[in-house]
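Student: Could you look at this predicted model? Sequence included:
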Amino acid sequence: MIEKIRELVKKEHEKSDYDYHVSVVVKNALKLANLLGADKEVVEIASLMHDLGRANGIKPSNDNNHHIISAEKARIILKNHPKKEQIIACILSHRGNKDDYPPVKLEEKIVANADAMAHFDTFLDLFRTFVEMENGDFVKALNLIDAKIERDWNKKLTILEAKELVRKEYEAIRLIIDSMKENINKK
């Protein structure tokens with residue numbers, strides 16, 4: 001079942017989004033599930049499906065609802081899966097404490113943390129995405145990525161083991177962002 005879902009998700013997502021985000025979320029979720037004794041099937045499927053609401057360049061009119069669209073799509077795909085409701089709960093809460101679906105159960109917390117961890121693991125691709133989103137405005141992209149990294153580090157990474165797994169990346173990213181801001185402000 002997981003392999004079928006993986007193939008479906010690969011088809012739904014742009015290659016770079018799958019390679020540099022979804023697959024990295026899955027890797028981190030499974031790492032945390034192993035460390036913490038969580039249900040690996042639930043976190044793997046939820047991690048694969050967590051961003052279906054914005055797959056293939058589809059941007060919801062309000063990107064703040066992509067978790068809801070992802071959960072709706074997953075509900076259809078998983079119609080008879082015995083762990084469907086647990087998986088849906090993980091998808092709905094993958095954005096952390098940012099919305100009406102805060103992660104409560106361990107698997108929900110793992111998927112939310114793994115989503116944040118992916119931003120540290122693939123920072124350069126995330127930065128490229130922000131620069132494109134801001135039509136090449138490097139300074140605006142830098143400020144937005146700085147805010148996102150800090151939000152992920154201070155609010156979304158709620159599992160100590162998750163934070164420790166990406167601490168070196170966070171410190172390196174902080175060094176790069178701070179150096180860039182210092183140089184920009186000297187102009």
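Tutor: Structure's in. What do you need?
Student: Against Asp178, how distant is the residue nearest to Phe127 when sequence neighbours are not counted?
Tutor: Closest residue to Phe127 apart from its sequence neighbours, by C-beta to C-beta, 6 or more residues apart in numbering: Ile145 at 5.6 Å. In short, each C-beta sits where N, CA and C put it, glycine included. Here Ile145 is placed at a distance of 12 Å from Asp178 (C-beta to C-beta, to the nearest Å).
Student: the more surrounded of the two?
Tutor: Neighbours per residue (other C-beta atoms under 10 Å) separate Ile145 from Asp178, with Ile145 holding more: 21 against 11.
Student: For that one, give me its contacts.
Tutor: Contact analysis of Ile145 by C-beta atoms under 8 Å, 6 or more residues apart in numbering lists 126-127, 130, 177.
Student: now do Ala46
Tutor: By C-beta under 8 Å, 6+ apart, Ala46 lies in contact with 29, 74, 86-87, 90-91, 94, 107, 111.
Student: what about this protein, any weak spots by pLDDT?
Tutor: 56-63, 98-99, 187 (pLDDT under 70).
Student: For it, just list every one of the helices.
Tutor: Counting by DSSP state H, the chain has helices at residues 2-12, 15-17, 23-36, 40-49, 66-77, 84-92, 106-121, 123-133, 138-151, 160-165, 167-185.
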